[in-house]
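**Student:** the sequence and its predicted three-dimensional model are supplied below.
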Amino acid sequence: MGESLLNLPLKLFETVADTVGTPVYVYSVQAIRDQWRMLEAALADVPHRVHFSVKANSNLAVLNVLRDLGAGVDIVSGAELSRAQLAGFMGAEIVFSGVGKTAAELRRAAEAHVSLINVESDVEFAALAAVVSQYGLTANVGIRVNPNVTTDTHPYTQTGHSGLKFGVPLDQVEELALRMHHTPGVRLTGIGMHLGSQISDPSRYEEGIEQLLTLVRLLQGAGVSSLRSLDIGGGFAVSYGIQDGLDLTALSQIVKRIDRETGLETLLEPGRYLTANAGFLLTRVLYRKSSGGRSFVIIDAGMNDFIRPSYYQAHHEIAVVTSGEISATDRAGPVDVVGPICETSDFQALNRSMPPVGPNALLAICGAGAYGFSMSSTYNSRPRAAEVLIDGDRFAIIRERERVDHLWMGENLEPEWQTMEGRAEDERREEIA
């Protein structure tokens, strides 16, 4: 939120922008620590483990901050497994989720002895069983259940109701669990769910947990004695300035049922909750213009840098760090804050009331610490932004700005054509000659 910016050293933001350039992502270590401590305080009476969702912010330095705080990680790809290992996470601290794991990824996860591989379909389990059998491996597995719980969130972030690609439908869980229970090399240790993102109503978790508890009792009654955890996922809503965040006290009261009724450990996988409001995207104003009765503030950060406003119609507060070169026509009032990308959808805010700003003004797009850089791209051949960590009155560059020549790394200006037999044409010509 914009108010949180007031608690940070604005002069440091100016220094970062002047030193590193813009656009640049800035993350506050202290803000991450504060969010972690609030979450841990709310869950103090609940046996639990927190696994940060790496897809929200995968920078190695950010992961290192969270590891030092005691977090594990939740990953959804083999490359995220490599990233987590590079950041110092051991297998026991890693949960591997995701609906489309390849056989190679499943093998790597088993070889890394991750604490849990969350299976999302019977065919995925068949692939995992084949991998552990072929390579003589063992794996702790969980079942990600689709509990058919609808959340009042953006359609693109709903993952817990039927008809979506995520999770095993309720009526298929028992049969799959019993198959897992009798499969050599596989140990069924968890039952879980993930309802989506930006969930502010704790009753949605209560509804899903009730479904999971029923399944746990059913499976234990059927002889499955290996369960150790119940995974409630993440998706905890944070305020972006226009809505309420999730009430953690209410959530903790709901979660207490898990230990009380089953003795299982609770797993949680927040991402956005821990890093979103710790992050800011600093951007410079390039120009002001008017057209068709609308006033535009054109900035150097595009939708390729931060896509949430365009893709999710998400609201992010925009704070003015410095006002720039204000002219007599640059009055306060509603403006469209837009970027340089060749798309009408390239905006960070529409019809937003802001103080007067002019060229060279420095703005901070708030709440950019989750799904910001990690969803950025090189669209329009724009190098990706730098990332910076701040702690007190100091800062460190944790990702250099991408260079232009990196944009075509791996491309071939003169490709080497292959025949249908898989041989290069030059080699074939030599044989014919």
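**Tutor:** Noted; the coordinates are in hand.
**Student:** those helices in the stretch 201-350 of the chain, which residues are they?
**Tutor:** 202-221, 248-262, 272-275, 308-311 (DSSP state H, counting those that start in this stretch).
**Student:** contacting residues around the third one?
**Tutor:** Read that as helix 272-275. 27, 32, 35-36, 39, 52-53, 56-57, 62, 66, 71, 197-198, 234-238, 245-246, 369-371 (C-beta atoms under 8 Å, 6 or more residues apart in numbering). C-beta coordinates here come from the backbone N, C-alpha and C atoms, glycine included.
**Student:** related to what we said a few turns ago, so of the helices of the stretch 201-350 of the chain, which one's packed in deepest?
**Tutor:** helix 272-275 (a mean of 29; mean count of other C-beta atoms under 10 Å).
**Student:** and it, average pLDDT?
**Tutor:** Taken as a whole, helix 272-275 has an average pLDDT of 95.
**Student:** how far is that helix from where the chain is centred?
**Tutor:** 9 Å (C-alpha atoms, centre = their mean, to the nearest Å).
**Student:** may I see the domains of this structure written out as residue ranges?
**Tutor:** The chain breaks down by automatic domain parsing into domains covering 98-268, 276-404.
**Student:** flag the shaky bits of the stretch 101-250 of the chain, pLDDT-wise.
**Tutor:** Under the criterion pLDDT under 70, the flagged ranges of the stretch 101-250 of the chain are 148-166, 241-243.
**Student:** coming back round to it: format the domains of the chain as TSV; extra columns: distance to residue 411.
**Tutor:** Formatted as TSV, these follow (distance: least, C-beta to C-beta, whole Å):
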stretch	distance to residue 411
domain 98-268	25
domain 276-404	12
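**Student:** nearest residue to residue 375 other than its sequence neighbours?
**Tutor:** Distances taken as C-beta to C-beta, 6 or more residues apart in numbering place residue 307 nearest to residue 375, at 5.3 Å, with adjacent residues excluded.
**Student:** that neighbour: what's it in contact with?
**Tutor:** Residues near residue 307 by C-beta under 8 Å, 6+ apart: 375, 376, 377.
**Student:** cutoff 10 Å now
**Tutor:** Counting by C-beta atoms under 10 Å, 6 or more residues apart in numbering, residue 307 touches 314, 341, 345, 346, 371, 372, 375, 376, 377, 379.
**Student:** drop anything exposed from the residues you listed.
**Tutor:** Among these, those that count as buried by neighbour count (16 or more other C-beta atoms under 10 Å) are 314, 341, 346, 371, 372, 375, 376.
**Student:** for the spatially most central residue of the chain, which non-adjacent residue is spatially closest?
**Tutor:** For the chain, the residue nearest the mean C-alpha position is residue 56 (1.9 Å; C-alpha atoms, centre = their mean). Leaving aside its sequence neighbours, residue 56 sits nearest to residue 271 (C-beta to C-beta, 6+ apart; 2.9 Å).
**Student:** and the one you found, how far from residue 234?
**Tutor:** 6 Å (C-beta to C-beta, to the nearest Å).
**Student:** following the helix or strand containing residue 172, which helix or strand shows up next?
**Tutor:** Assigned by DSSP states H and E, residue 172 falls within helix 170-181. Using DSSP H and E, the helix or strand that follows helix 170-181 in sequence is strand 186-192.
**Student:** buried set for that following strand?
**Tutor:** Neighbour count says strand 186-192 has 186, 188, 189, 190, 191, 192 buried, by 16+ other C-beta under 10 Å.
**Student:** I'd assumed residue 216 was in contact with the second one.
**Tutor:** Right, the one you point to is residue 188. No. Judged on C-beta atoms under 10 Å, residue 188 makes no contact with residue 216 at a distance of 11.2 Å.
**Student:** identify the contacts common to the two.
**Tutor:** Common neighbours of residue 188 and residue 216 (C-beta under 10 Å, 6+ apart) are 177, 224, 227.
**Student:** wait, the first one sits on residue 188?
**Tutor:** Translated: residue 177. Yes. Between residue 177 and residue 188 there is a contact under C-beta under 10 Å: 6.0 Å.
**Student:** any idea which strand is longest in this structure?
**Tutor:** Looking across the chain with DSSP state E, the single longest strand is strand 279-291.
**Student:** list the buried residues in it.
**Tutor:** For strand 279-291, burial by neighbour count (16+ other C-beta under 10 Å) applies to 279, 280, 281, 282, 283, 284, 285, 288.
**Student:** so in that sheet, which strands flank it, and in what orientation?
**Tutor:** As defined by DSSP bridges, the strand partners of strand 279-291 come to strand 24-28 (antiparallel), strand 294-299 (antiparallel), strand 362-366 (antiparallel).
**Student:** overlap of the contact sets of residue 177 and residue 188?
**Tutor:** 119, 125, 141, 142, 143, 219, 224, 227.
**Student:** between the residues you listed, which is nearest residue 331?
**Tutor:** Comparing those against residue 331 with C-beta to C-beta places residue 142 closest, at 56.6 Å.
**Student:** now do the contacts for that closest one.
**Tutor:** So residue 142 contacts 95-97, 115-120, 177, 180, 188-192, 227-231, 267 (C-beta under 10 Å, 6+ apart).
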